[in-house]
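Asker: Mind looking at a prediction? Sequence and model below.
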Amino acid sequence: MKWYCFSITALILLAWAAAGCDESGPECGDCDDGIACTLDLCDETTGDCRHEPNDSLCESGEVCDPLQGCVEAEPCTTDAECDDDNPCTDDVCDPAAGCRNTPNTADCDDGDPCTEGDRCQDGACVGGQNVCDCTQDSDCDDNDLCTDDTCDAQNQCQYANNTAACDDGDACTANDACTQGNCSGTPVNCDDGNVCTDDSCDPASGCGYLNNTTACDDSDSCTSGDVCAGGACVGEEACCGDQIDNDGDGLTDCDEAACTGDPACGGCVPVPEPDPVSDSPLPGESNPGESEYTTVNGFSDDYLYDSTGDIKIGTRRDWGGTIIFFGMKHLGFPGTNSTNTIDANDTGREVQVAFYDPDRNMQNCAHDASCASDPTDCPISITFLGWNPVQGGNRCNRGSGVESVVNQDGVLTVTTNPLFWNPNWDRTDCSTAACDDPALRDRRSDVRVVQSLRFNKKHVVELNYTVTNLSDLDHRWVHQEMPTVYTANGNNGPDLWRLFNSQGTEIAIDTPGNDGFFYENFSSPGGWATMQNDALDYGVGLYTENRLTDFQGWQLRSLPFNNFRPQFPFGIPAYGTVRARAYLLLGSHATITAEAQWLDQNLPPFGCLDAPTPDETISGSVTVRGWALDNQGVAAVEVIVDGTTVVPLSYGTGRPDVCLVWPNYANCNNVGYSGTLDTTALTECQHLLEINARDTDGNERIIARRRVTVVR
């Protein structure tokens, strides 16, 4: 089966003409108004006759008048003796100085203060330094712009850090000028370089400006490449409503040849490749904590911290990536510390997975899969276990090691090929000599385990397991360790020996088992259990996402030794895969109870869309089918098309194949959904399908996304 799931300064056009003066050295009077005569040449730079540092350009007794050239000087002793407000400079009335500026500040009719080099013309200040001194636009009258420290009366619209501009309220941009209340100039405020003319973008070049918000008479919004024709948007790349069928092809709104981007008129908007949907129903922390690698005490360990940095979880590469630490951060002390809730004293006592086969459960009968009908002759002891891959390592205290480790972005993923617990598991006799045999003591099993860890919140870590059978042997249904939690026993950590089920009932572990150990089978209706210290103020808990209710605890206080596990029944088919998720919880009994209740109430569904397949071309009535799982049960499933159209789907069809991979979830095996999608109402384009599932607690989630193409 194929699985698809897994400021620019404004340009001011000043009319300083350069006619009437040549390079032969005319008198000042030969220059046009406002043109300076400098060294017998017309000076287009200063804009007035140069009379400083001397009047050598005019004859003795004359001054340079910017309008008349060299004129006879009128003797004076004060400014009041001069006509037209000309100042008295060097004992003569100086028409070249323009408006009186020393010591006065306001001489022109509009009351604007003039600056050196300005003159009064028609009651306004004009000249070499433009109009008025300013440091910001608000210093200027009449909404004039402050440009190069002068108020610019020519550019009537403000655009530098301003919003008000032309008569129609359009905001001008750099290099635009306001002409009769309209933006014009460098074509920067229309699409595709079009010019704004008479309050609109030039229809000869295109329509729409200012971020494509307005355009033609019909108010349609146009895009690059469009032009305005008859008050409508037309062009090569897009089209808008209210167009006629020009080519008679039956399209009511647009010309098919001109329209490629507007769904309203038959065009298609490409759908990007949809983001993958995680099969984990809960997200990780939004700000993942740091990751760490240590080699303390000769072991290679990887750690992941919660977002606050207060709590960490660690795995050991030497021991198959098993969880060897879950507790508090200890400042300045890398590796494990005295807050560790996990045993981690040898290769077989961590948080780890281990697997069994009822037909191969003991040495001496496992070789021919006869253990169910012809029990072993060997002693009933863990020494003689049969087919039994163990993540941490084997009875020879040899660690399984790892194939790979990735610890980044808040996720710690370890891949391992575990050792067989008993290297002699398939012998026909009861020999125990394997640990002394270099060729056998590191015997690899025929399964691969991928384990991913991440914090969902401060006291909650998701454990995500994928187990793959690498052989052609079928392993029948039996209670598996997926996982077992070996708790701290007072050896370099707290003594977590008090066992409680989800109802708060303490479980006494006192039934004799093999090898002098004691065990107890117990029920935990909420799907979780915890082991705590004497005061119940510190411990570790395990919540099973599929809400397993049968648990087992083991103990030997004299060793000391404590563990608990869900009794997780499943088989491992030949070359098959089994998936499972659980949540490790840290804290007091009260904290772990609260976190388990939070998981109960907030875990949403997860699942898969089997059909249509990715990027499939579909038409007519199409079957939509897949599966959905939830910790407490799925209430409804629906398909959403392009984020708007919702089509309910039927839930509860048989999918035993799904429950082989994800065993023991609510409603197994009836976890499939299906329904029909009518595509005749959809455009012949790409569309996005999303599957939304809601559980019995009201939690809902998009569990799958798929891009498809509709054709007729």
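Answerer: Okay, I see it.
Asker: distance between the ends of stretch 300-319?
Answerer: End-to-end distance for stretch 300-319: 9 Å, by C-alpha to C-alpha, to the nearest Å.
Asker: Quick one: mean pLDDT over that stretch.
Answerer: Averaging pLDDT along stretch 300-319 gives 97.
Asker: can you pull the buried residues of it?
Answerer: The neighbour-count criterion (16 or more other C-beta atoms under 10 Å) identifies 300-307, 311-319 as the buried residues of stretch 300-319. Quick note: C-beta positions are derived from backbone N, CA and C, even for glycine.
Asker: Now for the closest residue in space to Thr295 that isn't next to it in sequence: which residues touch it?
Answerer: By the measure of C-beta to C-beta, 6 or more residues apart in numbering, the closest residue to Thr295 outside its immediate chain neighbours is Asp301, 7.6 Å from it. Contacts here follow C-beta atoms under 8 Å, 6 or more residues apart in numbering; on that basis Asp301 touches 293-295, 314-317, 324-325, 335.
Asker: rerun that using 7 Å as the cut-off
Answerer: With contact set as C-beta atoms under 7 Å, 6 or more residues apart in numbering, Asp301 has these partners: 294, 314-316, 324, 335.
Asker: Repeat that for Gly576.
Answerer: With contacts defined as C-beta under 7 Å, 6+ apart, the neighbours of Gly576 are 469, 660.
Asker: ok, now how distant is it from Arg655?
Answerer: To Arg655, Gly576 is 15 Å away according to C-beta to C-beta, to the nearest Å.
Asker: With Pro648 instead?
Answerer: 19 Å.
Asker: what about the two, which has more around it?
Answerer: Relative neighbour count places Arg655 above the other of Pro648 and Arg655, with 25 against 11, counting by other C-beta atoms under 10 Å.
Asker: Apart from its chain neighbours, what residue comes closest to Pro512?
Answerer: Computed as C-beta to C-beta, 6+ apart, the closest residue to Pro512 that is not its neighbour in sequence is Phe518, at 6.0 Å.
Asker: Was I right to think Leu282 contacts Phe455?
Answerer: No: shown here, Leu282 and Phe455 do not form a contact pair, counting by C-beta atoms under 7 Å, at 10.4 Å.
Asker: In terms of neighbours, single out the busier of those two.
Answerer: Using other C-beta under 10 Å as the criterion, Leu282 and Phe455 rank with Phe455 on top: 25 against 20.
Asker: check which helix or strand covers that one.
Answerer: Element membership of Phe455 [criterion: DSSP states H and E] is strand 447-457.
Asker: what helices or strands is that strand leaning on?
Answerer: strand 411-416, strand 460-469 (3 or more C-beta pairs under 7 Å, 6 or more residues apart in numbering; DSSP states H and E).
Asker: I'd assumed Ala434 was in a helix, is it?
Answerer: Yes: under DSSP: H, G, I helix; E, B strand; the rest coil, Ala434 falls within a helix.
Asker: Quick one: mean pLDDT for stretch 572-582?
Answerer: For stretch 572-582, mean pLDDT rounds to 98.
Asker: Among the contacts of Asp301, name the ones in strands.
Answerer: By the criterion of DSSP state E, membership of the contacts of Asp301 in strands covers 294, 314-316, 324.
Asker: Looking at this protein, which helix is longest?
Answerer: helix 589-602 (DSSP state H).
Asker: Could you list the buried residues of that one?
Answerer: Residues 589, 591-593, 595-596, 598-600 are the ones in helix 589-602 that count as buried (16+ other C-beta under 10 Å).
Asker: show me the residues around Asp377 that make contact.
Answerer: Counting by C-beta under 7 Å, 6+ apart, Asp377 has contacts 364, 430.
Asker: Where does it sit: helix, strand or coil?
Answerer: coil.
Asker: rewinding a little: and the contacts of Asp301, which is closest to Asn422?
Answerer: Here the nearest of the contacts of Asp301 to Asn422, counting by C-beta to C-beta, is Arg316; it sits at 21.5 Å.
Asker: Show me the beta-bridge partners of that closest one.
Answerer: According to DSSP bridges, Asp301, Thr322 are recorded as the beta-bridge partners of Arg316.
Asker: Now do it against Glu481, distance only.
Answerer: 18 Å.
Asker: likewise Tyr305?
Answerer: Here the criterion is C-beta to C-beta. By it, Tyr305 lies 27 Å from Glu481.
Asker: ranges for the strands of the stretch 201-350 of the chain?
Answerer: Taking DSSP state E, counting those that start in this stretch as the criterion, the stretch 201-350 of the chain carries its strands at 226-229, 232-235, 291-294, 301-305, 311-316, 322-328.
Asker: Just send these back as CSV, with distance to Thr383 too.
Answerer: Formatted as CSV, the entries for the strands of the stretch 201-350 of the chain read as follows, by distance: least, C-beta to C-beta, whole Å:
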stretch, distance to Thr383
strand 226-229, 82
strand 232-235, 82
strand 291-294, 33
strand 301-305, 29
strand 311-316, 24
strand 322-328, 21
